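K.L.:
Dropping the sequence and predicted coords here.
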Amino acid sequence: MSRKITPKCLGLAIMLLLGGLHIPVFADTATTPPKKFTILHTNDHHGRFWHNTDGELGMAARYTLINRIRKEVEAAGGSVLLLSGGDINTGVPESDMQDAEPDFVGMKALKYDAMALGNHEFDNPLPVLRHQQEIAGFPFLSANIYAKDSGKRLFQPWQLFERSGLKIAVIGLTTEDTAKIGNPEYLDNVEFRDPKLEAKNLIAELEQQEKPDLMIAATHMGHYDKGQHGYNAPGDVTLARSLPAGALDVIIGGHSQEALCVTPEHVRNKDYQPGAACVPDQQNGTWIMQAHEWGKYVGRADFEYAEGKLKLVHYALIPINLKKKVKVGEETKKVFITEEIPQDKAIMALLGPYQQKGMEKINIKIGSVNKELVGERDKVRFQQTNLGRLIATAQREKSKADFGIMNSGGVRTSINEGNITYKEVLEVHPFGNTIAYVDMKGSELPAYLAQVATKPVDTGAYAQFANISMTVYPDRVEDIKIAGVPLDPNKTYRFSLPSFAAAGGDGYPKVNTQPGYVDTGFVDADVLREYIEQHSPLDANAFNPGEAIVYRK
């Protein structure tokens, strides 16, 4: 299209050439396109570097998905930040026996940007954790973990990232409960300070010194509806509410191991099904996200940033080859809930030798059982179970004790009906705790049991018992009988328990300094293995807790 040159335009042009006219520069009134970036996240990995026997999970399929998303986002002009909410350690024998080396090797290959330190990172001595840092090659973040002797932070508190032209600060925070539920043997010089206060101070420091566009927290603190954390240390909701509104843009969490999809009332949808739409929680201007556990999902949060404001455009929990049971004729089979994600061949080749090395050591039959032995988290932390009693019985017999106590946090899964392998035992007992016993006067036992038996449900402190019966009230225990005989205050009794609990783990009374304390040195998994080998085939009904432990309000 031709444009007509008017005398006025010609005059302006002449004056410009002569330098006699100043033309003001006006700002472009067109809206600046928003900057796009995506956060991908996982948490509570717990050793699941390899797919399970149903072809679910696994880092090879996770790699394929993450690469797809990276390419898609980058093609649309965005960028990706990959974060973990921690707890890489403990859960699968093939990983545990190799100090989670395959998991951190895998995370490095998947190009994780940073992770929050979880409580299970302290299941091993600090030198092991430092070695894991070297393998991973990305920051392990926690602002609230300090050395008691020096008063200095033990780990990097934050990391800055540049994504899509945005300066993004990521702060790490770890649950204070680690001091209670971590292995006391490895925490002598470790202090876990209030993460709320640490976050408040650190945010103010970063805003003054670094001036980031966005502030994100990678946490391992747990999500508790409306901040009602009960016996647990305060979690992400309390954290968000404790800060000025919107001080944190996003919290990428872990620890409570939830598919965090909420109802309009900001209550977690406990009936969430894989593949369904998901809305993360939002509290006090902060998005809170968590992707269940074990790499079952990759959380995907697509954001746009414009004029100083962050907008969540889309969110999803993407299943990693999860399956469901369907009826096909007269048979029931498992099928993929969503389209199968191929396993990346390079990652399979990278991690395959680790899997093979682990399998050679543990995949051997040690016995059998005629019924499921129940150890799932939602059962063993709420009620007495046959597996809880079996474990306490095995430890009691090994220690030649009168009765046994087992904290349910040390029971990590069930044992299925049929043949039992050493691998299953190691999945039940992944921590490598030793078995201890204590000799205590009958007159002292009621006070001790009042502290142990009254530990609340839905915590790892909830106690499983063997060869003892009692009535438990909120503040005391009564009608104590050992092997069916009423407690004699003048008699000395021996009880067994994990060394972890004896040292004060899970908030138990610390008894490892008493004169009657002995650490046998026997490892819990080996004790359970030996008992199963000697008593197979096991009759699960023989370990039915019945009414041995009765709870009253």
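P.N.:
Sure, I can see it.

K.L.:
Now for Val279: which residues touch it?
P.N.:
By CB atoms under 8 Å, 6 or more residues apart in numbering, the contact set of Val279 is 261-262, 315. C-beta here means a position set from N, CA and C on the backbone, and glycine is covered the same way.

K.L.:
Against Val313, how distant is Ala394?
P.N.:
Distance, Ala394 to Val313, by CB to CB, to the nearest Å: 53 Å.

K.L.:
Between the two, tell me which one has more neighbours.
P.N.:
For Ala394 versus Val313, neighbours defined as other CB atoms under 10 Å are more numerous around Ala394 (24 against 11).

K.L.:
What distance do you get for the more buried one to Asp281?
P.N.:
Distance, Ala394 to Asp281, using CB to CB: 41 Å.

K.L.:
Make TSV out of the contacts of Val279 and add distance to His223.
P.N.:
Shown next, in TSV, are these (distance: CB to CB, whole Å):
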residue	distance to His223
Cys261	11
Val262	9
Tyr315	15
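
K.L.:
Closest to Pro195 out of these?
P.N.:
Ranked by distance to Pro195 (CB to CB), the contacts of Val279 are led by Val262 at 21.9 Å.

K.L.:
Give the phi and psi angles for the closest one, as a check.
P.N.:
Val262 adopts backbone torsions of phi -110, psi 160, taken as degrees, to the nearest 10.

K.L.:
Likewise for Lys36?
P.N.:
Lys36 adopts backbone torsions of phi -110, psi 140, taken as degrees, to the nearest 10.

K.L.:
And it, how close does it get to Ala291?
P.N.:
21 Å.

K.L.:
right, and Gln133 touches Leu141 too?
P.N.:
No - contact between Gln133 and Leu141 fails when scored by CB atoms under 8 Å: they sit 10.9 Å apart.

K.L.:
Looking only at neighbour counts, state which of those two leads.
P.N.:
Under the criterion of other CB under 10 Å, the comparison of Gln133 against Leu141 puts Leu141 first, with 27 against 17.

K.L.:
my guess is that one meets Gln156, correct?
P.N.:
Yes - taking contacts as CB under 8 Å, Leu141 lies within contact range of Gln156: 5.7 Å.

K.L.:
Can you work out which residues contact both of those two?
P.N.:
Gly172.

K.L.:
just for this protein, where's the confidence low?
P.N.:
Within the chain, the ranges that satisfy pLDDT under 70 run 1-30.

K.L.:
How is it divided into domains?
P.N.:
Domain assignment for the chain by automatic domain parsing gives 46-355, 365-551.

K.L.:
now stretch 214-231, how far from the chain's geometric center?
P.N.:
Stretch 214-231 sits 12 Å away from the centroid of its parent chain (CA atoms, centre = their mean, to the nearest Å).

K.L.:
Tell me the buried residues in it?
P.N.:
Buried residues in stretch 214-231, defined by neighbour count with 16 or more other CB atoms under 10 Å: 214-225, 227, 229.

K.L.:
next one: stretch 188-208
P.N.:
By neighbour count on 16+ other CB under 10 Å, the buried set for stretch 188-208 is 190, 192-193, 195-196, 198-200, 202-203, 206.

K.L.:
so which of those residues comes closest to Thr332?
P.N.:
Pro195 (45.3 Å).

K.L.:
Pull the contacting residues for the closest one.
P.N.:
143-144, 173-176, 219, 221, 239.

K.L.:
again, but for Met215
P.N.:
Met215 touches 168-169, 171, 203, 206-207, 247-249, counting by CB under 8 Å, 6+ apart.

K.L.:
For it, what are phi and psi?
P.N.:
Note on Met215: backbone dihedrals following degrees, to the nearest 10 are phi -120, psi 120.

K.L.:
roughly how far apart are it and Arg241?
P.N.:
Relative to Arg241, Met215 is positioned 16 Å away (CB to CB).

K.L.:
how about the helices in the stretch 401-550 of the chain?
P.N.:
Applying DSSP state H, counting those that start in this stretch to the stretch 401-550 of the chain gives helices spanning 422-428, 445-452, 499-502, 524-535.

K.L.:
Which one of these lies nearest to Arg389?
P.N.:
Nearest to Arg389, of all the helices of the stretch 401-550 of the chain, is helix 524-535, at 12.0 Å by CB to CB.

K.L.:
List the buried residues of that closest one.
P.N.:
Buried, per 16+ other CB under 10 Å, within helix 524-535: 524-532, 535.

K.L.:
what do you get for stretch 489-508?
P.N.:
By neighbour count on 16+ other CB under 10 Å, the buried set for stretch 489-508 is 493-508.

K.L.:
Then stretch 230-241?
P.N.:
Within stretch 230-241, the residues that qualify as buried are 232-240, counting by 16+ other CB under 10 Å.

K.L.:
go on, stretch 38-58?
P.N.:
Under the neighbour-count criterion of 16+ other CB under 10 Å, stretch 38-58 has 38-51, 56-58 buried.

K.L.:
next one: stretch 300-317
P.N.:
In stretch 300-317, counting by 16+ other CB under 10 Å, buried: 300-305, 310, 312, 315-317.

K.L.:
Which pair of those residues spans the longest distance?
P.N.:
Pairwise distances across the buried residues of stretch 300-317 (CB to CB) peak at 22.6 Å, for the pair Tyr305 and Leu317.

K.L.:
So what's the gap between stretch 102-110 and the chain middle?
P.N.:
Counting by CA atoms, centre = their mean, stretch 102-110 comes out at 17 Å from the chain centroid.

K.L.:
Correction: the previous question concerned stretch 422-434.
P.N.:
18 Å.

K.L.:
Narrow the buried residues of stretch 300-317 to those in strands?
P.N.:
Counting by DSSP state E, the part of the buried residues of stretch 300-317 found in strands is 300-305, 310, 312, 315-317.

K.L.:
In JSON lines, list those along with distance to Val518.
P.N.:
Formatted as JSON lines, these follow (distance: CB to CB, whole Å):
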{"residue": "Arg300", "distance to Val518": "52"}
{"residue": "Ala301", "distance to Val518": "52"}
{"residue": "Asp302", "distance to Val518": "57"}
{"residue": "Phe303", "distance to Val518": "56"}
{"residue": "Glu304", "distance to Val518": "62"}
{"residue": "Tyr305", "distance to Val518": "60"}
{"residue": "Leu310", "distance to Val518": "57"}
{"residue": "Leu312", "distance to Val518": "56"}
{"residue": "Tyr315", "distance to Val518": "53"}
{"residue": "Ala316", "distance to Val518": "53"}
{"residue": "Leu317", "distance to Val518": "48"}
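
K.L.:
Among the residues you listed, which one lies nearest to Met348?
P.N.:
Nearest member of those to Met348, counting by CB to CB, is Arg300, at 23.3 Å.

K.L.:
My read is that the closest one contacts Leu65, right?
P.N.:
No - the pair Arg300 / Leu65 is not scored as a contact, 9.1 Å apart, by CB under 8 Å.

K.L.:
Touching both of the two, which residues are there?
P.N.:
Ile318.

K.L.:
Kindly indicate which of the contacts of Pro195 lies nearest Tyr186.
P.N.:
Nearest to Tyr186, judged by CB to CB, of these is Thr174 at 14.2 Å.

K.L.:
Do a quick rundown of the strands in the stretch 301-450 of the chain.
P.N.:
309-319, 323-328, 331-336, 365-369, 403-407, 418-421, 434-441 (DSSP state E, counting those that start in this stretch).

K.L.:
what comes into contact with the last one?
P.N.:
If I follow you right, that is strand 434-441. 395, 398-401, 448, 489-499, 502, 511-512, 514, 516-524, 527.

K.L.:
Can you list the buried residues in it?
P.N.:
Neighbour-count burial for strand 434-441 flags 434-438, 440 (criterion: 16+ other CB under 10 Å).

K.L.:
do the second one as well
P.N.:
Of the residues in strand 323-328, those with enough neighbours to count as buried (16+ other CB under 10 Å) are Lys323.
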